[in-house]
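[1] Here is the input, now give the coordinates:
(chains A and B)
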Number of protein chains: 2
Amino acid sequence: MEELKEKIRREGRNLGGGILKVDSFINHQVDPELMVAIGRELARRFADVGATKVLTAEISGIAPALTTALALGVPVVYARKTKPITMPEKVYRQKAPSRTKGREVELMVSPEFLRRGDRILIIDDFLATGQTISALVRLVAESGATLVGIGAVIEKAFEGGRALLDGLGVPIESLVIITDMSDGRIVFAGENNGLGKTTDFIGENNGFLGIDHGH
Amino acid sequence: MEELKEKIRREGRNLGGGILKVDSFINHQVDPELMVAIGRELARRFADVGATKVLTAEISGIAPALTTALALGVPVVYARKTKPITMPEKVYRQKAPSRTKGREVELMVSPEFLRRGDRILIIDDFLATGQTISALVRLVAESGATLVGIGAVIEKAFEGGRALLDGLGVPIESLVIITDMSDGRIVFAGENNGLGKTTDFIGENNGFLGIDHGH
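    Predicted structure coming up:
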């Protein structure tokens, strides 16, 4: 997705340690029009999977999941990290280690909103180590619903999340794939890394709906 | 906003103690089309205040704030409750007591995204005691930006939040105003409370853009 890549080039900052700061349009401040375009593109890529619901994790997943669900015409559910008083006693719970928080977080979904007949598309802002998305996958399994796809706005291919999720046999789509963030670089898949060679595409193409290879 | 009232009548649940459960379309599962309609209506009511940015608090404020910002064509910023590693050292911070969490929460905004020249419209899902919105107002003041309006999806008029905010001299708009939740009731402003009398409208009309009086 060229528009998103351009935005990352312009406003994204490599803070080192694999941390990409996109606070000015995704994680703290949100650019609503770009977010609608992101949702539209994710919806297009998953147009054929028959999703009945989008699932994400609070907090940063909410915006792209909402715009994807809007484009698909289905509801969106965001897994909670703290239990609100409005949530019933018995909920689906799965733990995920959070690198940015330095501790485990628990993701919770009320059984009211994940049902056996649902076909769930998981959407998150980042696919990095894949830990948060894995916890969402386990929530779907716990509920008896069917996972039909996994979509992310930005994938950090060098953190290996795709390998963790590939065995699930569902399409995995990222709008932008970053292959290298060493030494202050932000290298997109298929682009020259500034060291005279084009980075290989990392991660398997699942052959389903096509992946943005950066060209 | 009749569509929203109808949704609350159909799916909202009075859990007692003034707690309104709207988890099926606002707080856990989100109805994207209704949320876009909510954003459009909030944007319409604040069309003339010249907002350059929408500010909200994570988590439940994100969806309505995003759709309002989309309709206004401005960015949205969500105040964070935990500091992400991408946030600079020095941030604007304000505390707010949280009844639903039973403790104080801290709201943080990066100085990068609240600037002196900004005209800020605050949007949140609920206007109840007004404590969270007050903390957002203090964040705006701390940044030197100008507050131009406060909008909520649902107001619980019996919790007095509007009185707390009225002195600010900016328009306050709620799409639906609930005046009474005693004894399992959900009574909208201007409607018969089932005890043979019509509830008074609670809270001042600021005379600016008109308030939904429930008829």
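[2] partner residues bridging A:Arg103?
    Here A:Arg103 sits in beta bridges with A:Ser98, as judged by DSSP bridges.
[3] Repeat that for A:Phe126.
    Under the criterion used (DSSP bridges), A:Phe126 bridges to A:Ile154.
[4] Tell me the spacing between it and A:Ser174.
    A:Phe126 sits 9 Å away from A:Ser174, going by C-beta to C-beta, to the nearest Å. No exception for glycine: its C-beta is placed from N, CA and C like everyone else's.
[5] what residues are shared contacts of these two?
    Taking C-beta atoms under 8 Å, 6 or more residues apart in numbering or on different chains as the criterion, A:Phe126 and A:Ser174 both touch A:Ala152, A:Val153, A:Ile154, A:Glu155.
[6] Kindly indicate which of these lies nearest chain B.
    Closest approach to chain B among the shared contacts of A:Phe126 and A:Ser174 (C-beta to the nearest C-beta): A:Ile154, at 13.0 Å.
[7] Contact partners for that closest one?
    Applying C-beta under 8 Å, 6+ apart, the residues contacting A:Ile154 are A:Leu4, A:Ile8, A:Leu20, A:Val22, A:Ile26, A:Asp125, A:Phe126, A:Leu127, A:Ser174, A:Leu175, A:Val176, A:Ile178.
[8] Surely the second one touches A:Glu191?
    Put plainly, it is A:Ile8. No: assessed by C-beta atoms under 8 Å, A:Ile8 is found out of contact with A:Glu191, at 11.9 Å.
[9] which residues does A:Gly184 contact?
    Counting by C-beta under 8 Å, 6+ apart, the residues that A:Gly184 touches are A:Asn14, A:Gly16.
[10] how far away is it from chain B?
    Going from A:Gly184 to chain B by C-beta to the nearest C-beta, to the nearest Å gives 15 Å.
[11] Retrieve the pLDDT associated with that residue.
    On pLDDT, A:Gly184 comes in at 96.
[12] Check A:Val109 too.
    98.
[13] Looking at strand pairing, list the partners for it.
    A:Tyr92.
[14] just checking, it touches A:Lys90?
    No: judged on C-beta under 8 Å, A:Val109 makes no contact with A:Lys90 at a distance of 11.3 Å.
[15] Next, count neighbours for the nearest residue to A:Leu72 once chain neighbours are set aside.
    What sits nearest to A:Leu72 in space, not counting adjacent residues and going by C-beta to C-beta, 6 or more residues apart in numbering or on different chains, is A:Ala43, at 4.7 Å. A:Ala43: 22 surrounding residues under other C-beta atoms under 10 Å in any protein chain shown.
[16] Checking A:Ala43 next. Helix, strand or coil?
    helix (DSSP: H, G, I helix; E, B strand; the rest coil).
[17] quick one: it and A:Val76 touch, right?
    No: with contact defined as C-beta under 8 Å, A:Ala43 does not count as touching A:Val76 (11.6 Å).
[18] Overlap in contacts, the two.
    A:Thr68.
[19] packing partners for the helix or strand containing A:Arg162?
    Here A:Arg162 sits within helix A:161-166, counting by DSSP states H and E. Applying 3 or more C-beta pairs under 8 Å, 6 or more residues apart in numbering or on different chains; DSSP states H and E, we find helix A:161-166 packed against strand A:119-127, helix A:131-143, strand A:146-156, strand A:172-180.
[20] I'd like those as a markdown table, with mean pLDDT appended.
    Below are the helices and strands packed on helix A:161-166 laid out as a markdown table (pLDDT from 0 to 100):
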| stretch | mean pLDDT |
| --- | --- |
| strand A:119-127 | 98 |
| helix A:131-143 | 98 |
| strand A:146-156 | 98 |
| strand A:172-180 | 98 |
